[in-house]
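Asks: Using only what follows, build the 3D model:
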Amino acid sequence: MFGLFGISEEKIQKWTQKGKINNVLRAADNTKPEIRKAAITALGEFDVDEAFNYLVVTLRDPNPEIRILAAKALGTQGKALAVEHLRHVSLKDDDEEVKKVAVDALKAIDVPLVDEEE
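Replies: So this is what the prediction gives:
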């Protein structure tokens, strides 16, 4: 499916440069953590609904490292549609670092924070 040697971080970078969203989305579900992390980060570079939707769902991943990367990628995308999702994470996530990154992502989208004290 992905050639003789499998997926690498370099391949993900090339796919991102070439706009091959479907390849990056498949890589984001890879069982190798470093490949999955690279693909989730790369999804932030795509301005398409498939990438946005995948990242929003990934905000609920059980792994906080993955949630952090998803929040960062949504901040990179800068879509106003991410605001409510990131706000929820910034207030309700169990991990303090995930909350902090969600706040940073909101700042990157340039959205005022209303309910920080909750």
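Asks: surely residue 78 meets residue 105?
Replies: No: Residue 78 is beyond contact range of residue 105, at 9.1 Å (criterion: Cβ atoms under 8 Å). Glycine gets a C-beta too; all of them are placed from N, C-alpha and C.
Asks: who has more neighbours, those two?
Replies: The residue with more neighbours, out of residue 78 and residue 105, is residue 105; 28 against 14, by other Cβ atoms under 10 Å.
Asks: gap between the strand or helix carrying that one and the chain center?
Replies: If you go by DSSP states H and E, residue 105 is part of helix 96-109. Relative to its chain's centre, helix 96-109 lies at 12 Å (Cα atoms, centre = their mean, to the nearest Å).
Asks: same check, this time on stretch 59-67
Replies: 10 Å.
Asks: How about stretch 35-51?
Replies: Mean C-alpha position of stretch 35-51 versus that of the full chain (Cα atoms, centre = their mean) differs by 6 Å.
Asks: just stretch 26-34 next, same as before
Replies: Worked out by Cα atoms, centre = their mean, stretch 26-34 lies 13 Å from the chain centre.
Asks: Contacts for it next, please.
Replies: With Cβ atoms under 8 Å, 6 or more residues apart in numbering as the contact definition, stretch 26-34 has outside contacts at 1-2, 7, 9, 11-12, 15, 35-36, 38-40, 42-43, 54, 58.
Asks: Check those residues and tell me the two furthest apart.
Replies: 1 and 58 (21.6 Å; Cβ to Cβ).
Asks: More neighbours: these two, which one.
Replies: Using other Cβ under 10 Å, the more surrounded residue of residue 1 and residue 58 is residue 58, with 20 against 6.
Asks: list the contacts for the more buried one?
Replies: Contacts of residue 58 (Cβ under 8 Å, 6+ apart): 28, 40, 66-67, 69-70.
Asks: Spatially central residue for the protein, please.
Replies: Closest to where the C-alpha atoms of the chain average out (Cα atoms, centre = their mean) is residue 70, at 2.3 Å.
Asks: name the element it belongs to?
Replies: helix 64-77.
Asks: who does that helix touch, helix- and strand-wise?
Replies: Contact here means 3 or more Cβ pairs under 8 Å, 6 or more residues apart in numbering; DSSP states H and E; on that basis helix 64-77 packs against helix 33-43, helix 49-58, helix 83-92, helix 96-109.
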